[in-house]
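> predicted model and sequence follow; I will ask about them next.
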Amino acid sequence: MFNFSLKQLSDLLAAKKISSAELTSEFLGRINRLNPHYNAFITVKNDASLQQARAADSKIAQGLAQPLTGIPVAQKDIFCTKDWLTTCGSQILSNFTAPYDAHVVERFKETGMVNLGKTNMDEFAMGSSNETSYYRPVKNPWDVKAVPGGSSGGSAAAVAARMAPAAIGTDTGGSIRQPAALCGISGIKPTYGVVSRYGMIAFASSLDQGGPMARSAEDLALMLNVMAGFDARDSTSLKRPPEDYTRDLAKPLAGLKIGLPREYFAEGLSDDVARAVEAAVGQYRKLGATTVEISLPNTKLSIPVYYVLAPAEASSNLSRYDGVRYGYRAPQYNDLLDMYRKTRAEGFGAEVKRRILIGTYVLSHGYYDAYYLKAQKLRRLIAQDFLEAFKKCDVIMGPTSPTTAFNLGEKSGDPVQMYLSDIYTIGVNLAGLPGMSIPCGFGNKKLPVGLHIIGNYFSEGHMLNIAHQYQLATDWHMRNPEGV
């Protein structure tokens, strides 16, 4: 059963061929066996999960089930979950039990989905490899010497190792899509504001967005049906009519126009990733799509812009968080040395300290105009590049990451090289666009390659259709890591 899709599991539950308690027990057993190898979960509470499963079985018996009632799901440990530890991968929150549920967690409970556990992550979502977690790195199920990507690496590894049929993650600069690519699963970051951020501990509030991670595009559509929706408690939540993200999955792709950015196929892209992505584009041509070369000229600016704006927002957020112990009261912006001492004493890891220092610096007197305001202007130019591109195409495609998964420790001493692993994903967050990654082959080391699909605002349904049709014609998303 661990290889079944969400739709297949839902059908089995509806037909009463299996109970949610039995299904949950199956996945908990896999977690207990496999998590010592991959370290994908921080917190697992067998009794609490089984209690939720029995409640779901009661709903099903009463005829009150929804499509995903009784389905187990893993939750990134950045979503507040009542009566569960919510650590954000940090020592600071190692004893923090959330007093309330995040909006997304509420939606899962209302649906009758079962929480399998809280997944490992880069500390406060600040990382691209899941190596900054206080709870030790997550290992990639395709190669335990390799990283799973970050910051949602625990969620990606849990799905890849079939310890969970689906998971939720967050994406600030690629943190759903990049680990999805490196672990050979599917993941989508919706348009900014489509999924509420209430109860999702912030990294950079203007960039953060929650989204689903699963085996296939069809599974993502089912998950997004539950996760998306207006929430008055989140001032950035968008009030829009409800959508059924499965509605267009079966549409043929004849007439689809795909934009291929020349900047995404230039220097820095490894040959094995390029071959897999080009083969995937070739498959789309067979499905009736045409391609056109486009340009996103400010792509090269996305990383420096991001690493000014995101740390600035993180620094501001941490300065406000007080009393719940997932932060500290920041000193004056110009007192960098004192702040460094405080963060070190409070127990932040090196990457969090580095980003707080950067953020505090660019917001300080004399540097705000030179860095922060200039980065905001460049952000608008990056967004404008995408809008111009969508005048020529329906969707944009390219690699999700310039390489397959790199080895643990390989880039941890070189922050710039680590940051470059998000070169293709960051612009999507800066523009607030939806983006997704689906498996499209393997590289030289037999590690997964991800195909990046970028849509215009609120085009998630169309993107999921595009991904689903590709997955009907290929089986990359069905492959399992050896031993799994």
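Perfect, thanks for sending it.
> and the helices in the stretch 301-450 of the chain?
Assigned by DSSP state H, counting those that start in this stretch, the stretch 301-450 of the chain shows helices spanning 302-320, 336-346, 350-363, 374-389, 415-419, 426-431.
> point out the most buried one among those.
With neighbours taken as mean count of other C-beta atoms under 10 Å, the helices of the stretch 301-450 of the chain reach their highest mean count in helix 426-431, at a mean of 27. (Glycine included, C-beta is placed from N, CA and C.)
> got the CA positions of it in CSV?
C-alpha atoms of helix 426-431 as CSV (Å, rounded to 0.1, in the frame of the first residue of the first chain):
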residue,chain,number,x,y,z
ILE,A,426,14.2,32.1,-6.1
GLY,A,427,12.8,34.4,-8.8
VAL,A,428,9.4,32.7,-8.6
ASN,A,429,9.2,33.6,-4.9
LEU,A,430,10.3,37.2,-5.5
ALA,A,431,7.6,37.5,-8.1
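> show me the contact partners of it.
171-174, 189, 192, 207, 209, 296, 298-299, 302-303, 305-306, 309, 379, 382-383, 385-386, 434-435, 454 (C-beta atoms under 8 Å, 6 or more residues apart in numbering).
> looking at the helices of the stretch 301-450 of the chain, which has the lowest confidence?
Among those, helix 336-346 has the lowest mean pLDDT, at a mean of 50.
> near Asp83, how many other residues are there?
Look at Asp83: counted by other C-beta atoms under 10 Å, it has 11 neighbours.
> so what's it closest to, chain neighbours aside?
With C-beta to C-beta, 6 or more residues apart in numbering as the criterion, Asp83 has its nearest non-adjacent residue at 6.4 Å, and that residue is Thr97.
> hmm, the one you found is touching Cys80, no?
No - the pair Thr97 and Cys80 does not pass the contact test of C-beta atoms under 8 Å, sitting 9.7 Å apart.
> overlap of the contact sets of these two?
Common contacts of Thr97 and Cys80 (C-beta under 8 Å, 6+ apart): Thr86.
> spatially central residue for the chain, please.
With distances taken as C-alpha atoms, centre = their mean, Ile176 lies nearest the centre of the chain, 1.8 Å away.
> residues in contact with that one?
Contacts for Ile176 were tallied using C-beta under 8 Å, 6+ apart; they are 152, 169-170, 187-189, 211, 213, 437.
> in a markdown table: these, plus secondary structure, neighbour count and pLDDT.
Output for those, formatted as a markdown table (DSSP: H, G, I helix; E, B strand; the rest coil; neighbours: other C-beta atoms under 10 Å; pLDDT from 0 to 100):
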| residue | secondary structure | neighbour count | pLDDT |
| --- | --- | --- | --- |
| Ser152 | coil | 38 | 98 |
| Gly169 | strand | 33 | 98 |
| Thr170 | strand | 27 | 98 |
| Gly187 | strand | 33 | 98 |
| Ile188 | strand | 31 | 99 |
| Lys189 | strand | 32 | 98 |
| Gly211 | strand | 29 | 98 |
| Met213 | strand | 33 | 98 |
| Ser437 | strand | 35 | 98 |
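> tell me the two of those residues that are most distant?
For the contacts of Ile176, with distances taken as C-beta to C-beta, the pair at the greatest spread is Thr170 and Ser437 (14.6 Å).
> of Thr97 and Cys80, who's got more company?
Using other C-beta under 10 Å, the more surrounded residue of Thr97 and Cys80 is Cys80, with 24 against 13.
> can you tell me the closest non-neighbouring residue to Thr299?
Leaving aside its sequence neighbours, Thr299 sits nearest to Glu263 (C-beta to C-beta, 6+ apart; 4.3 Å).
> which stretches in the stretch 101-250 of the chain count as helices?
Under the criterion DSSP H, counting those that start in this stretch, helices of the stretch 101-250 of the chain are mapped to 103-111, 153-160, 177-183, 217-227.
> what helices and strands are in contact with the second one?
Packed against helix 153-160, as judged by 3 or more C-beta pairs under 8 Å, 6 or more residues apart in numbering; DSSP states H and E, are the following elements: helix 20-38, strand 41-43, strand 72-76, strand 114-119, strand 166-170, helix 177-183, strand 210-214.
> cool, and the longest one?
Helices and strands in packing contact with helix 217-227 are listed as helix 6-14, helix 103-111, strand 166-170, strand 186-189, strand 210-214, strand 435-442, helix 460-473; criterion 3+ C-beta pairs under 8 Å, 6+ apart.
> centre of the chain to that helix, how far?
For helix 217-227, the separation from the chain centroid amounts to 14 Å (computed by C-alpha atoms, centre = their mean, to the nearest Å).
> residue ranges with poor pLDDT in the stretch 201-350 of the chain?
For the stretch 201-350 of the chain, residues meeting the criterion pLDDT under 70 lie at 318-346.
> what's the closest of the helices and strands packed on helix 217-227 to Phe390?
For Phe390, the closest of those is helix 460-473, at 11.8 Å, according to C-beta to C-beta.
> how about that closest one: buried residues?
In terms of neighbour count (16 or more other C-beta atoms under 10 Å), helix 460-473 has its buried residues at 460-471.
> now that helix: mean pLDDT?
Helix 460-473 carries an average pLDDT of 98.
> use 41 as the first number for this chain going forward.
Okay, residue one is now 41; in that scheme the one you just asked about reads as helix 500-513.
> and that helix, C-alpha only, in CSV?
Extracted C-alpha coordinates of helix 500-513, given in CSV (Å, rounded to 0.1, in the frame of the first residue of the first chain):
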residue,chain,number,x,y,z
GLU,A,500,-2.0,26.1,-10.5
GLY,A,501,-4.8,24.0,-12.1
HIS,A,502,-3.3,24.4,-15.5
MET,A,503,0.2,23.6,-14.2
LEU,A,504,-1.1,20.4,-12.5
ASN,A,505,-2.8,19.4,-15.7
ILE,A,506,0.5,19.9,-17.6
ALA,A,507,2.4,17.9,-15.0
HIS,A,508,-0.2,15.1,-14.9
GLN,A,509,-0.3,14.6,-18.6
TYR,A,510,3.5,14.2,-18.6
GLN,A,511,3.3,11.7,-15.7
LEU,A,512,0.7,9.7,-17.6
ALA,A,513,3.2,9.3,-20.4
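> hey, what's the angle from that helix to strand 475-482? Just curious.
Going by axes from the mean of the first three to the mean of the last three C-alpha atoms, to 10 degrees, helix 500-513 is angled at 10 degrees with respect to strand 475-482.
> elements contacting helix 500-513?
With contacts taken as 3+ C-beta pairs under 8 Å, 6+ apart, helix 500-513 sits against strand 226-229, helix 257-267, helix 311-326, strand 435-439, strand 475-482, strand 488-494.
> how far is that helix from where the chain is centred?
Here helix 500-513 is found 18 Å from its chain centre; the criterion is C-alpha atoms, centre = their mean.
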